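# Sequence first, then the predicted structure:
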Amino acid sequence: MSARLAPGVTFTRLPHGGGVVVNGTRLELAECGEREADLIALLIAGVPRPDLTITQRKVIDDLIAANWLIVDGGW
């Protein structure tokens, strides 16, 4: 699975944990906790994640459904 941020979307790690995902095209912002931020960072870095938990899959499904994340090669 290969994942990337959708066009106009940026991801920034926060200095004290967590992260922020910003969709500049739609002027939307989403803050995420440390675990979600770690997952997003690994996905967009191309690190394979064959051991995803149900909760992690739900986070990814939500990001895909909201057009924040694009997954190439099937999900």
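Structure received.

# any idea how far residue 52 is from the most centrally placed residue in the chain?
Nearest to the mean C-alpha position of the chain, counting by CA atoms, centre = their mean, stands residue 40 at 3.7 Å. If you measure residue 40 against residue 52 using CB to CB, to the nearest Å, the figure is 13 Å. Glycine gets a C-beta too; all of them are placed from N, C-alpha and C.

# Tell me which stretches of this protein form strands.
For the chain, the strands defined by DSSP state E occupy 2-5, 9-13, 19-23, 28-32, 69-72.

# just the ones you listed: most buried one?
Highest mean neighbour count among those (mean count of other CB atoms under 10 Å): strand 19-23, with a mean of 18.

# Please state the offset of that one from the chain centre?
For strand 19-23, the gap between its own C-alpha mean and the chain's C-alpha mean amounts to 9 Å (CA atoms, centre = their mean, to the nearest Å).

# which strands and helices sit next to that strand?
Strand 19-23 sits against strand 9-13, strand 28-32, helix 34-45, with contacts defined as 3 or more CB pairs under 8 Å, 6 or more residues apart in numbering; DSSP states H and E.

# JSON lines for these, including distance to residue 59 and mean pLDDT?
Shown next, in JSON lines, are the helices and strands packed on strand 19-23 (distance: least, CB to CB, whole Å; pLDDT from 0 to 100):
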{"stretch": "strand 9-13", "distance to residue 59": "13", "mean pLDDT": "96"}
{"stretch": "strand 28-32", "distance to residue 59": "8", "mean pLDDT": "92"}
{"stretch": "helix 34-45", "distance to residue 59": "5", "mean pLDDT": "91"}
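
# And the closest residue to residue 2 other than its chain neighbours, how close does it get to residue 13?
Nearest non-adjacent residue to residue 2, counting by CB to CB, 6 or more residues apart in numbering: residue 72, 4.3 Å away. According to CB to CB, residue 72 stands 23 Å off from residue 13.
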